[in-house]
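*Asks:* Generate a structure from the sequence data that follows.
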Amino acid sequence: MSSNCIEPVAAHLVRVAVMSLAILAFQGGDPARAGQDDGKEKPSSGDKGQSSAKDVDTEHLFGFTEGADAGEKGEQEVVVDTLSRFGKRAAGPGGSRYRVLDTKLGYQFNPIDKLSIELGAFGNLRTSRNIVGLDDKTYGTFDGISVEVKYQFLKGSAEQPLGLAVELRPRFSRVLPIEGNGADIFDMESVLQLDVQLVPDKLWYGGNLSFEPAAGRQRGNGPGYRSSTLLWSNALVARIGESTYLGPELRYLRGYAGTFLNKLESEALFLGPALHHRFTEKIWLTVAYAGQVWGRDTAPDLTGRRLGLDQFERQNLRVKFGMEF
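*Replies:* You can find the predicted model right below:
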């Protein structure tokens, strides 16, 4: 080997030796500690998987269905939740339109572990034209307030996969949900929420059972208002990326006249996908679509008509954006 080749190699070896001595000096001169982390145990690949599973918050994971997670003491969250409802039965020939956007701005906090309280304010934007039983109207307005109180009985994990919670959602509304007329309405939704880790850190099931009675009166000389809704929803989501989850959701709804399921007016089955993505540890987005695939109305003049459009819509779209702090 020529001297021209030996010189740069020797210089490189000298640099490596100097760097090694500097590392040893920084670590107290103990060669046995080279490449270690001051005695701190590095998590194994198995620990990493368990930590990732623990970090998955199921509360907003399933779209329209809500997971059982309620959070820990001191946690806070701001949520913008928009439910868009599209499509009703046309009253006659010509174009028809039914579009309602219900938006909630919510602030959630946890005074203790497993208990969350959310305060919400609602806005309503709607357009109705040439729809059976509804007046033509287009407007936007403030639509009341709500308080949501949730307690989690069981927290799901890889070792204990079942999560279970109960939530109460009293709400005061200023607009009838279907007709859009001004009113003073109080409703109290009660929701049983559960989720199950079917495959740890990979696949989750979520289910809700809900009963929502509502009572009030239309403003002016309008009639009294009494209704109730029964809901059973099921969702299945899989992790498809580091922070992205996707799966199908199936919901069955029954709408009644009367506050205690007195007279069935409509029933409907909705099916669609749900997507959840976390941009960071504290910022997330959930998007879910549901189309009515089966339904019926019980009114005599609607017997045999396709879908349950008296109390429900053809399509729903939900977009939730949240920030935790």
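*Asks:* how near is G304 to T298?
*Replies:* 11 Å (C-beta to C-beta, to the nearest Å). Bear in mind the C-beta positions are built from the backbone N, C-alpha and C, glycine included.
*Asks:* need the strands for the protein, in chain order.
*Replies:* 76-86, 97-112, 115-129, 137-154, 162-175, 182-199, 203-218, 224-239, 244-257, 263-278, 283-297, 315-324 (DSSP state E).
*Asks:* A68: which of these is closest?
*Replies:* Among the strands of the chain, strand 162-175 comes nearest to A68, with 3.4 Å by C-beta to C-beta.
*Asks:* what's the angle from that closest one to strand 115-129?
*Replies:* Angle of strand 162-175 versus strand 115-129, following axes from the mean of the first three to the mean of the last three C-alpha atoms, to 10 degrees, is 50 degrees.
*Asks:* and strand 162-175, what does it pack onto?
*Replies:* Strand 162-175 sits against strand 115-129, strand 137-154, strand 182-199, with contacts defined as 3 or more C-beta pairs under 8 Å, 6 or more residues apart in numbering; DSSP states H and E.
*Asks:* Using CSV, write out every CA atom in stretch 89-97.
*Replies:* Taking Å, rounded to 0.1, in the frame of the first residue of the first chain, the C-alpha atoms of stretch 89-97 are listed here in CSV:
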residue,chain,number,x,y,z
ARG,A,89,-89.3,12.4,1.3
ALA,A,90,-90.3,15.0,-1.4
ALA,A,91,-93.9,16.5,-1.1
GLY,A,92,-94.4,16.7,-4.8
PRO,A,93,-92.8,17.1,-8.2
GLY,A,94,-89.8,19.4,-8.6
GLY,A,95,-86.7,19.8,-6.6
SER,A,96,-86.6,19.2,-2.9
ARG,A,97,-84.0,19.7,-0.3
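*Asks:* Can you pull out the residues in contact with that stretch?
*Replies:* K88, T127, S128, R129, N130, I131, V132, G133, L134, L302, R305, L309 (C-beta atoms under 8 Å, 6 or more residues apart in numbering).
*Asks:* Which positions within it qualify as buried?
*Replies:* Neighbour counts using 16 or more other C-beta atoms under 10 Å place R89, A90, S96 of stretch 89-97 among the buried residues.
*Asks:* so Q315 sits right up against K88, yeah?
*Replies:* No: when contacts are counted by C-beta atoms under 8 Å, Q315 is not listed as touching K88 (10.6 Å).
*Asks:* Of the two, give the one with the bigger neighbour count.
*Replies:* Counted by other C-beta atoms under 10 Å, Q315 and K88 do not tie: K88 has more neighbours, with 24 against 15.
*Asks:* and the closest residue in space to that one that isn't next to it in sequence, bridged to which residues?
*Replies:* Spatially, and ignoring its direct neighbours in sequence, K88 is nearest to Y98 (4.0 Å; C-beta to C-beta, 6 or more residues apart in numbering). Listed beta-bridge partners, Y98: S128 (assigned using DSSP bridges).
*Asks:* State the number of residues packed around Y98.
*Replies:* Y98, neighbours per other C-beta under 10 Å, totals 23.
*Asks:* Settle this for me: it is touching F312, isn't it.
*Replies:* No: contact between Y98 and F312 fails when scored by C-beta under 8 Å: they sit 11.2 Å apart.
*Asks:* picking that back up, separate out the buried members of the contacts of stretch 89-97.
*Replies:* Buried among the contacts of stretch 89-97 (16+ other C-beta under 10 Å): K88, T127, S128, R129, N130, I131, V132, L134, L302, L309.
*Asks:* hmm, back to that, just the contacts of stretch 89-97 now: which is nearest A165?
*Replies:* L309 (32.3 Å).
*Asks:* ok, V237 - contacts?
*Replies:* V237 touches L61, F62, L203, W204, G206, Y245, L246, G247, A274, H276, counting by C-beta under 8 Å, 6+ apart.
*Asks:* Redo the buried residues of stretch 89-97 as a markdown table? Include distance to V79.
*Replies:* Formatted as a markdown table, the buried residues of stretch 89-97 follow (distance: C-beta to C-beta, whole Å):
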| residue | distance to V79 |
| --- | --- |
| R89 | 33 |
| A90 | 35 |
| S96 | 33 |
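*Asks:* pLDDT for the residues you listed - can I get that in CSV?
*Replies:* Shown next, in CSV, are these (pLDDT from 0 to 100):
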residue, pLDDT
R89, 94
A90, 94
S96, 95
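*Asks:* which one among these gets closest to R239?
*Replies:* Using C-beta to C-beta, those come closest to R239 at R89, 39.8 Å.
*Asks:* how about that closest one, phi and psi?
*Replies:* As for R89, its main-chain torsions (degrees, to the nearest 10) stand at phi -80, psi 130.
*Asks:* if I look at it, how far off is R296?
*Replies:* In terms of C-beta to C-beta, R89 sits 12 Å off from R296.
*Asks:* For S173, list the residues it contacts.
*Replies:* Counting by C-beta under 8 Å, 6+ apart, S173 has contacts F122, D143, G144, A183, D184, I185, F186, D187, A214, G216.
*Asks:* Which residue is the nearest non-sequential neighbour of the last one?
*Replies:* The spatial neighbour of G216 that comes closest, neighbours along the chain excluded (C-beta to C-beta, 6+ apart), is I185 at 3.6 Å.
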